[in-house]
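J.: my questions are about this predicted structure, shown below with the sequence.
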Amino acid sequence: MGVKGFGFFFVASLLLLVSCKEERETRLLASNDLESVFNEDIREYYFTTLDSTALYVSQMDTLNSVETNRELFLKSRKWYKRVEPMLIAYDYENYLSMNAPNLTKVEIDDYQDIKVLHPKSFQVLEELLFAEEMFSNKELNSVLGYLKVRIPFVRKNHILINQRDRHHLKMIRDAIVNIATKGITGFDSPMLSNSLNEAVYNYETLAKVLDIYENAFTNKSIYQSWKEEIALTISDLNSSDFDSFDRYTFVKNHTNKQLDLINMTAMDWGITLNTSRTLNPTINNLFDKNFFNMKMFSELREPQLTEGRIKLGQKLFNDTSLSSSGAISCATCHIKEKAFTDGLKIAVGVNNKELQRNTPTLSYSAYQTSFFYDGRSDGLEDQIVNVANNEDEFHIDLKLLEQKVQASTDYKVQFDSLYNGIISDLNVRNAIATYIRSLAPFDSKFDRNMQDLEASLTDEEIKGFNLFMGKATCATCHFPPVFNGTVPPKYMETEFENLGVPKTDDFDHPELDEDLGQYFPYEVSEKRNFFKTSTVRNSELTAPYMHNGVYDNLEDVITFYNVGGGQGMGLNVPNQTLPADSLGLTVNESKAIIAFLRTLTDKEFENID
């Protein structure tokens, strides 16, 4: 379709939407298992936003001036952000492709099937056009060539066909979560920090969809509440710049209120949102303990997480007799009072010279999709297999582990009642994993304030959260509410980063740490020095920090990020994911971030010295 064709369809689509709005008679919602009667209107808006995105991309060219291409980019990006909520809901893979960070991605199936992928997304386009360094026409043509083909392809092959009303309501909910956890952090706009404007474009689409559904509301006051809430949200987003935006107030007063409106809307429409996803659809607070659906972070068809299984798992977790030496247990390296770390630079008993790594916290570890710093395990039960078999740890095969538990009369009684009398290595591992899954209370000082249980945060702590989510860009890797690397809004992938972590804490004479991280076992150079992004919850208690325990205090950690990681210190770190430029944090700003981090200490640990 040429430029004129795009323009014609854009105008025609807008006229159609206006016409539909003026002529629409009151229509009833479809039942839960029938296609929404509003699909046609939403599909037309979807086409309008996609066509408008493509229109401005199609006009971009290496023959244009940089200023012209920048202007066209911003216009296209505006329309892309309007279509984004629908892409996330109905074409997630293309959303990931079109909005990918400017980072090389490696997909590995086996030694013979390794794909190194270079993104060609809007984020790459932004960095090419707005970076200080001059881009090459070849790079620009490559990205533009992809987007000029991809966007019409997405439109032609759309799957917005037979959605139910619950799908459209979930689309709105996912967009709200995405904006709060990723959209306002700078994740999508690392060069321009245009995140607040882009959040406005997201909300314009939510307002449009709700407008299409206006006649579906039995209780008109709920629809009016939506109109007023989105107007206030857009006003707040427009009233501040990126660095000074009050994200704490935004999440507390807007995000949580909108999640509550989702529940009210579902009740008004008489629909039930799908419960077989990573997020619980009825939770109306981003920091609620039950915000996540634990079933989706557990193995398929495994036994339910019950109080009895948690207690059994805790007993097994602390049982030294399960190791070959009879001297260590899980709790040996994961000490409860240290938020399930050990306080040591390198874990006890780790003799492998290639894996001299710090003991990570088990707090909130359930909410990730990869385990160990190099991601070599896919689940908690699988991680326990690695620990049991490791000759530097339990050094025991699973059959012997099973026999040790079977030999205990006490355990036999508990397994009789909790696992139908079946003492297998799988059930033993499940019990331990169940206990670990319980170590996520979401009851820290910060959580309690976000849940409106108290109002005890200081101005410095709130400032620290706002810096964490904004200027300091911490939340572009440590995503709320867990503040780890599991990526919203689907929370189905855990990120790994290359920060250029040094061998020692000497900032004046740094040396790159020798641990190659995800480079092994496939020896892919693009994965060199990549490590999993862990949670910063309970970080007050989990020193020393980083995969090699290089930093003894949070002050040094913040300094490391502030100077731009390894590259910022002058080290040669290919594929570093942390920008090498200084964050420009002042001493007081660094102190505020640390003050915020200390509010993430779980309640049971708050008085531990």
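T.: Received, thanks.
J.: quick check: next helix or strand after the longest helix along the chain?
T.: Identified as the longest helix of the chain according to DSSP state H is helix 66-90. Where DSSP states H and E defines the elements, the next helix or strand beyond helix 66-90 is helix 92-98.
J.: average pLDDT across the next helix or strand after that next one?
T.: Downstream of helix 92-98, the next assigned helix or strand under DSSP H and E is strand 105-110. Summarised as a single mean, pLDDT over strand 105-110 is 83.
J.: do the same with stretch 181-199
T.: Rounded mean pLDDT across stretch 181-199 is 95.
J.: repeat for stretch 433-447
T.: 96.
J.: and it, how far out from the chain middle?
T.: 18 Å (CA atoms, centre = their mean, to the nearest Å).
J.: distance between the ends of it?
T.: Length of stretch 433-447, first residue to last, CA to CA, to the nearest Å: 24 Å.
J.: can you check stretch 314-326 too?
T.: 17 Å.
J.: so what touches that stretch?
T.: 327-332, 334, 393-396, 400-401, 404-405, 414, 428, 431-432, 435-436 (CB atoms under 8 Å, 6 or more residues apart in numbering). To be clear about C-beta, it is placed using only N, CA and C from the backbone, and glycine gets the same treatment.
J.: list the contacts for residue 551?
T.: So residue 551 contacts 505, 543-545, 557, 560 (CB under 8 Å, 6+ apart).
J.: mind checking how far residue 83 is from residue 172?
T.: 14 Å (CB to CB, to the nearest Å).
J.: now which of the contacts of stretch 314-326 would you call buried?
T.: Taking 16 or more other CB atoms under 10 Å as the criterion, what is buried in those is 328-332, 334, 393-394, 396, 401, 404-405, 414, 428, 431-432, 435-436.
J.: quick one: mean pLDDT over the longest helix of the chain.
T.: pLDDT averaged over helix 66-90 gives 97.
J.: which other helices and strands contact that helix?
T.: On a contact count with 3 or more CB pairs under 8 Å, 6 or more residues apart in numbering; DSSP states H and E, helix 66-90 meets helix 39-58, helix 92-98, helix 122-130, helix 165-178, helix 195-212.
J.: could I get the buried residue list for it?
T.: For helix 66-90, a neighbour-count test (16+ other CB under 10 Å) marks 69-90 as buried.
J.: now the closest residue to residue 151 other than its chain neighbours: how far from residue 284?
T.: Spatial nearest neighbour of residue 151, excluding adjacent residues (CB to CB, 6 or more residues apart in numbering): residue 54 at 4.2 Å. Distance check for residue 54 against residue 284: by CB to CB, it reads 37 Å.
J.: out of the two, which sits in the busier spot?
T.: More neighbours surround residue 54 than the other of residue 54 and residue 284, with 27 against 16 (other CB atoms under 10 Å).
J.: and the residue nearest to residue 108 when sequence neighbours are not counted, helix, strand or coil?
T.: Closest residue in space to residue 108, ignoring its immediate chain neighbours: residue 114 at 5.1 Å, by CB to CB, 6+ apart. Secondary structure for residue 114, judged by DSSP: H, G, I helix; E, B strand; the rest coil, is strand.
J.: ditto for residue 531
T.: Per three-state DSSP, residue 531 ends up strand.
J.: identify the residues contacting it.
T.: Residues near residue 531 by CB under 8 Å, 6+ apart: 373-374, 496-499, 501, 517-518, 547.
J.: can you turn the buried part of the residues you listed into a ChimeraX selection?
T.: Applying 16+ other CB under 10 Å to the contacts of residue 531 leaves a buried subset, and the ChimeraX line that selects it is:
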select :373,374,496,497,498,499,501,517,518,547
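J.: name the residue closest to the centre of the chain, please.
T.: residue 487 (2.1 Å; CA atoms, centre = their mean).
J.: so what's it closest to, chain neighbours aside?
T.: residue 493 (5.2 Å).
J.: got it, and residue 297?
T.: residue 366 (5.3 Å).
J.: burial check on the closest residue to residue 66 other than its chain neighbours, number of neighbours?
T.: Nearest non-adjacent residue to residue 66, counting by CB to CB, 6+ apart: residue 129, 6.7 Å away. Neighbour count of residue 129, defined by other CB under 10 Å: 21.
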